[in-house]
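**Student:** Okay, sequence plus prediction incoming.
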Amino acid sequence: MTQPSRKWISTEPGTRRATSSVDIGVKYWLAFVVLAAVMTQTTPATARVVAEHYDSATSDGYRGAGLGVEIERGGHWGLGRFLPIEDAAEEAWFRYMLVLDRWQPSQSGKLPGFSSLRSASARGCVPADEGSPGWSARVMYRPSGAVGAPEGSSRLGYYVYHLDQPGACGEIMEWSDGGIVEPGVWNCIEGHVRLNDPDGSDGSLTAWVNGVEVFDRQGLRFRSDPDTGIDDLWLNVFSGGKDPSPESLRLRLDEVMVGSVKRIGCPDAFDDDEADPNEGAINRMAALGAVPACGEFRVCPEASITRAEFAGMVVAATGAEGEHDRSFTDTDGHPYADQLSVVAEKRWMAGCGDSRVCPDDPMRRGDAALVIARAFELPDAAPAFIDVDDGPVGGAAAALHAAGVASGCASDRFCPDAALTKSAAAAMISAAYAQQRVAPLVTGRSLRPDLESRRPLRLQ
């Protein structure tokens, strides 16, 4: 079933946000762009258009509808539009959400980034020079499992055409380990370009993934002509190089924004967690599809989380799989039946008696500690709380405390029988998840952009 596309409307000064529009169900879509629950536009006469294949015009996005992009086996192109910037800037930031769905690339390729393609240079292994100005700084993905990435994951970087590049083709600028992304997880990709003074070498490139800085390079020369600016966000999804893709690849984009004043920041998954101290953790778990909503764009952070919902969060965060044997008699037809089977098979969660798991009962802090300690294999630690015994719950509570995953409800108490809120569950699981990751996760702050404090560039 096709989801509604979105059109840009102005909802706040200097911002562009989305509202529902008409359904679009064609497979090959030749309007200007449908971008990740954010906009549709008709191709202007000056738009540069290349052949494209869309899996569908709209797809499941980070919030609402998004854009599914497919590179067919034996092809190069998934997406190749340009989003022109009305007034070419000398400094700009972009932000988009990215999830790799069907993703095992055996060669490198490109993803969206800024550009100024005023001649035939700065792409296709044609370097720019004073007589043929231009530059580009697309995000680059590397082959699955290459350049130090775990098998199945891809390291990101920049692919940059600039005046001092070492060869004819663009220069590959690898990002740090924080720029390694795994399939099936929403990642917040941010980039920043500051152009150099035409007579100097003071340009720069920066990148962030999920709020963590993963790249910074100074001393770049993008231009020698003062008329060369930041002209476009090049919405490029491309395999290669010269060789076509040996495999079919699919990804989704959402929440694209461009700004000219300051860094934009990552989007918020929910509207009702603004005052919650664990908003950042809620967003990180939402990117994994691990947070149960209570309505459209609502999470009800102070509501108690059920045992089934908690099992769902842990399974989503760990990626655990099982045989889905029905270990409990009270889960038939339950939306979390599979996840409850997984946590039972792994012996992470015990039942509530008589082969039942009581899926809709509140999750207690003590039981949650047991599940997290087992699922994330936290090391044993010395007792830390006076209100738990030396048994499994006390050991798990001590392990969470020592690992920095959870604190008590008071200086020396854990309150094991207290119901766990969604907010606290997200904080615990996020902290445990971060310790298992190759890359660190941002902690201790909200990821929601302060929309009123930044003025996105006007987009045509």
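**Tutor:** Arrived safely, thanks for sending. Residues are numbered from 1 along each chain as shown.

**Student:** Give the residue spans of the stretch 201-350 of the chain that score low on pLDDT.
**Tutor:** Within the stretch 201-350 of the chain, the stretches with pLDDT under 70 are 324-326.

**Student:** Am I right that D380 is in contact with G395?
**Tutor:** Yes: in this structure, D380 is within contact of G395 by C-beta atoms under 8 Å, at 6.3 Å. Where C-beta positions appear, they are placed from N, C-alpha and C, glycine not excepted.

**Student:** When these two are compared, which one has more neighbours?
**Tutor:** G395 (20 against 10; other C-beta atoms under 10 Å).

**Student:** Quick one: residues contacting the more buried one.
**Tutor:** A373, D380, A381 (C-beta atoms under 8 Å, 6 or more residues apart in numbering).

**Student:** mind checking how far the closest residue in space to the first one that isn't next to it in sequence is from S430?
**Tutor:** Same thing as A373. Leaving aside its chain neighbours, A373 sits nearest to A396 (3.9 Å; criterion: C-beta to C-beta, 6 or more residues apart in numbering). Distance, A396 to S430, using C-beta to C-beta, to the nearest Å: 17 Å.

**Student:** Equivalent analysis for P292, please.
**Tutor:** Between P292 and S430 the computed distance is 15 Å (C-beta to C-beta).

**Student:** Name the residue in those two with the higher neighbour count.
**Tutor:** Taking other C-beta under 10 Å, P292 and S430 do not tie; S430 has more neighbours (24 against 21).

**Student:** Now do the contacts for that one.
**Tutor:** N278, G280, A281, R284, M285, A317, L441.

**Student:** Toward the C-terminus from the helix or strand that contains the residue nearest to A373, list the very next helix or strand.
**Tutor:** In this assignment (DSSP states H and E), A396 forms part of helix 392-402. Using DSSP H and E, the helix or strand that follows helix 392-402 towards the C-terminus is helix 422-436.

**Student:** for the record, mean pLDDT for that following helix?
**Tutor:** Summarised as a single mean, pLDDT over helix 422-436 is 90.

**Student:** where's the residue nearest to A373 relative to S411, distance?
**Tutor:** Per C-beta to C-beta, A396 is found 19 Å from S411.

**Student:** so how far is Y433 from the residue nearest the centre of the chain?
**Tutor:** Centroid check for the chain by C-alpha atoms, centre = their mean gives N187 as the closest residue, at 1.4 Å. For N187, the distance to Y433 equals 14 Å [C-beta to C-beta].

**Student:** Next: C294.
**Tutor:** 22 Å.

**Student:** So for the two, which sits in the more crowded spot?
**Tutor:** Neighbours per residue, other C-beta under 10 Å: of C294 and Y433, the larger number sits with Y433, 24 against 13.

**Student:** check contacts around that one.
**Tutor:** R284, M285, L288, A317, T318, F376, L441.

**Student:** how about the helices of the stretch 251-400 of the chain, start to end?
**Tutor:** Ranges of helices in the stretch 251-400 of the chain, per DSSP state H, counting those that start in this stretch, are 279-287, 307-318, 337-345, 365-375, 392-402.

**Student:** Next, work out how far apart A316 and V185 are.
**Tutor:** Going from A316 to V185 by C-beta to C-beta gives 10 Å.

**Student:** Over to V126?
**Tutor:** Distance, V126 to V185, using C-beta to C-beta: 35 Å.

**Student:** Show me this protein divided up by domain.
**Tutor:** Here the domain assignment for the chain is 4-265, 279-436, based on automatic domain parsing.

**Student:** Tell me which of these sits nearest to D273.
**Tutor:** Comparison of the domains of the chain against D273 by C-beta to C-beta identifies domain 279-436 as nearest, at 4.8 Å.

**Student:** Off-centre distance for the closest one?
**Tutor:** Distance, stretch centre to chain centre, for domain 279-436: 23 Å (C-alpha atoms, centre = their mean, to the nearest Å).

**Student:** follow-up on the earlier one: just want to know which of A396 and S411 has more residues nearby.
**Tutor:** Per other C-beta under 10 Å, whichever of A396 and S411 has more neighbours is A396, with 26 against 8.

**Student:** Do I have it right that that one meets A375?
**Tutor:** No: using C-beta under 8 Å, A396 is not in contact with A375; the gap is 10.7 Å.

**Student:** who's in contact with R95?
**Tutor:** Contacts for R95 (C-beta under 8 Å, 6+ apart) come out as 188-191, 255-259, 264-267, 449.

**Student:** Now stretch 270-277: buried residues?
**Tutor:** Buried residues in stretch 270-277, counted by 16 or more other C-beta atoms under 10 Å: F270, D273, D276.

**Student:** Now the first one: closest residue in space, sequence neighbours ignored.
**Tutor:** The reference is to F270. Nearest non-adjacent residue to F270, counting by C-beta to C-beta, 6+ apart: V299, 4.3 Å away.

**Student:** K242 versus the one you found, what's the distance?
**Tutor:** V299 is 47 Å from K242, where distance means C-beta to C-beta.

**Student:** So between the two, which is more surrounded?
**Tutor:** More crowded of V299 and K242, by other C-beta under 10 Å: V299, with 25 against 9.

**Student:** Can you name the residues that contact that one?
**Tutor:** Counting by C-beta under 8 Å, 6+ apart, V299 touches A269, F270, D272, D273, I282, A286, V291, P292, A293, K422.

**Student:** Could you check how many residues crowd around V193?
**Tutor:** Counted with other C-beta under 10 Å, the neighbours of V193 add up to 25.

**Student:** Surely I230 and S116 touch.
**Tutor:** Yes: between I230 and S116 there is a contact under C-beta under 8 Å: 6.3 Å.

**Student:** I172 pairs with what?
**Tutor:** Beta-bridge pairing of I172, defined through DSSP bridges, involves Y159.

**Student:** OK, contacts around it?
**Tutor:** S108, M140, G157, Y158, Y159.

**Student:** just A398 next, same as before
**Tutor:** D380, A381, A382, P383, A384, F385.

**Student:** Can you add pLDDT and distance to A207 and give those residues back as CSV?
**Tutor:** What follows is the contacts of A398, written out as CSV (pLDDT from 0 to 100; distance: C-beta to C-beta, whole Å):
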residue, pLDDT, distance to A207
D380, 92, 39
A381, 94, 37
A382, 93, 41
P383, 93, 44
A384, 92, 39
F385, 96, 42
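
**Student:** Centroid-wise, who is the farthest residue in this structure?
**Tutor:** When distances are taken from the C-alpha mean of the chain, D354 lies farthest, 41.5 Å away, according to C-alpha atoms, centre = their mean.

**Student:** distance of the residue nearest to E130 when sequence neighbours are not counted from F297?
**Tutor:** Of all residues not flanking E130 in the chain, S224 sits nearest, at 5.2 Å (C-beta to C-beta, 6+ apart). Going from S224 to F297 by C-beta to C-beta gives 47 Å.
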